[in-house]
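Peer 1: one predicted model, sequence on top.
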Amino acid sequence: MKAIFETIDLEKWERKPYFDYYNNIIKCKYTLNANIDITDLLKMSKERHLKFFPTFLYSIMRAINQNKEFRMSYNEQKQLGYWNFLYPSYTIFHDDDKTFSDVWSEYHEDFPSFYTTVVDDMTKYKDVKGIKARSNCPPNFCSISALPWLSFSSFAQDTYEASNFLFPLIRFGKYYKEQDKILIPLAVFVNHAIADGYHTSKLINDIQDFVTGVKDWIE
C-alpha cells in the first residue's frame, strides 16, 4: 500500500479558524477516555487461538484510517495535509528488565494480512532492546500501547514543550468483567487543532463498531 500525502488548501479549508485558534492562540490538547465492550472480540479471538493485542490493534487502526482528522500532519515542506493511511506503531514490553521498545508494522486493510504481519514483527523484534527496536519508522504512524497491568478509569499525557505532532496517541489498559460484559479502558490523546470532541467521539465509536462487528472481518 503506497503512502500518499495530500496537502490542504488552507484558504478553502472550513476548519482553518479553529486550527489557527487552537494551534496558535490557545495551544490546547486533551484526552478522552472510554470503555470499549470487547466481549465478542475476546470470545472469537480465543476460539480461533488468536492473540488479543494484534486483533484489537487491527480494530483501532481500521477506525483511525477511516477518520481523516486523525491522519493529519505536516510534510517535509511544513505544509499541512493528511495521509491516506497510517502505520501502526506499538510497544513491546521486556519482562526481564521492565523496559519497552517501539516497533512499527506495515498496514494491511484485510485482517489476515494485518494479523500475520504484526505477529511476525512482534516475534522478530521481541528481544531487541532500546526505545526504537525497529528503525526507519515512516512519517505516517499512529502510536498505540497497552497497560495490561491496570484497568484505569482515566489516563492523560502531554509533553513539556509545544510540538507540531498532530497524530493521536492511543492507550488501553487491562480488560475486566462487568456483569455480562468484558470491557477495556481506552484513552485517546488529541491535538485540539485538528479534532474536536465530535471527531474524537466518532473515532471511539468507530473503534467500538469494528469491535462489535468482529464477525464481519475475523473470518
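Peer 2: Good, I have the coordinates.
Peer 1: okay, now the sheet partners of whichever helix or strand residue 88 is part of, with direction.
Peer 2: Using DSSP states H and E, residue 88 sits within strand 87-94. Note on strand 87-94: by DSSP bridges, its sheet partners are strand 99-104 (antiparallel), strand 141-147 (parallel).
Peer 1: is it possible to export those strands to CSV including mean neighbour count, distance to residue 186 and mean pLDDT?
Peer 2: In this view, the C-beta of every residue, glycine as well, is placed from N, C-alpha and C. Output for the strands paired with strand 87-94, formatted as CSV (neighbours: other Cβ atoms under 10 Å; distance: least, Cβ to Cβ, whole Å; pLDDT from 0 to 100):
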stretch, mean neighbour count, distance to residue 186, mean pLDDT
strand 99-104, 18, 19, 97
strand 141-147, 19, 10, 96
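Peer 1: could you dump these to CSV with distance to residue 188?
Peer 2: Listed next are the strands paired with strand 87-94 as CSV, based on distance: least, Cβ to Cβ, whole Å:
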stretch, distance to residue 188
strand 99-104, 19
strand 141-147, 10
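Peer 1: can you say which of the ones you listed is nearest to residue 61?
Peer 2: strand 141-147 (6.8 Å; Cβ to Cβ).
Peer 1: mind checking how far the closest one is from the chain centre?
Peer 2: Put simply, strand 141-147 sits 5 Å off its chain's centre (Cα atoms, centre = their mean, to the nearest Å).
Peer 1: for residue 171, which residues are in contact?
Peer 2: 144-147, 155, 157, 186-187, 189 (Cβ atoms under 8 Å, 6 or more residues apart in numbering).
Peer 1: out of those residues, which comes closest to residue 37?
Peer 2: Using Cβ to Cβ, these come closest to residue 37 at residue 186, 10.9 Å.
Peer 1: assign a three-state SS to that closest one, would you?
Peer 2: strand (DSSP: H, G, I helix; E, B strand; the rest coil).
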